[in-house]
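>>> Sharing a model prediction with you, sequence too.
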Amino acid sequence: MIETLTIAIGADHGGVHMKTRLATALRDAGHEVLDFGTDGPASVDYPDFAQAVCAAVAQKRAAYGVLVCGTGIGMSIAANRNPAIRCGLVHDVTTARLTRAHNDANVLALGARIIGEEVALDILAAFLGTTFEGGRHERRLSKLNKTTEPTP
């Protein structure tokens with residue numbers, strides 16, 4: 001039996017259709033979905049949705065987050081501003097698997113104008129089905145978690 005997870009999901013107007021499809025697939029698989037919107041095609045600002053999803057993950061109300069916009073780029077940039085988030089912008093199953101295995105990503109960003117919905121569903125399954133490998137990757141993640149002052 002597959003582990004039941006709580007997944008936070010959000011999208012802007014460019015990703016709303018794909019978000020809806022992914023949320024349905026997650027629910028059909030038995031997962032709980034925290035849907036932070038948007039729910040229609042009206043123009044909205046992607047950082048608002050990225051921040052809401054990432055707050056849920058950072059506060060451990062959700063195990064993982066999924067963000068969708070036109071390219072995934074804006075969402076991934078917004079997500080990675082939260083120090084508790086490691087968001088991977090993914091375009092295929094291999095990078096979905098590796099962002100979890102090597103980077104212990106806790107948020108997935110997808111571009112609805114870049115990949116199709118069937119590919120997105122495969123990516124989501126790979127992302128959720130892959131565990132962090134640890135080992136040499138732990139050392140690298142600890143370097144990401146250090147807070148340092150920027151050099152002049």
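Sure, I can see it.

>>> Quick check: which ranges of the chain have low pLDDT?
Low-confidence segments of the chain, defined by pLDDT under 70: 1-2, 146-152.

>>> From the centroid of it, which residue is nearest?
For the chain, Leu108 is the residue whose C-alpha lies nearest the centre (CA atoms, centre = their mean; 2.1 Å).

>>> So it: helix, strand or coil?
strand (DSSP: H, G, I helix; E, B strand; the rest coil).

>>> Now do the same contact list for it.
64-67, 87-88, 90, 96, 99, 123-124, 127 (CB atoms under 8 Å, 6 or more residues apart in numbering). From N, CA and C alone the C-beta is placed, and that goes for glycine too.

>>> Swap in 7 Å and give it another go.
By CB atoms under 7 Å, 6 or more residues apart in numbering, Leu108 lies in contact with 64, 66, 88, 90, 124, 127.

>>> Distance of it relative to Val53?
According to CB to CB, to the nearest Å, Leu108 and Val53 sit 10 Å apart.

>>> Could you do Ala96 as well?
17 Å.

>>> cool, Ala62 as well?
8 Å.
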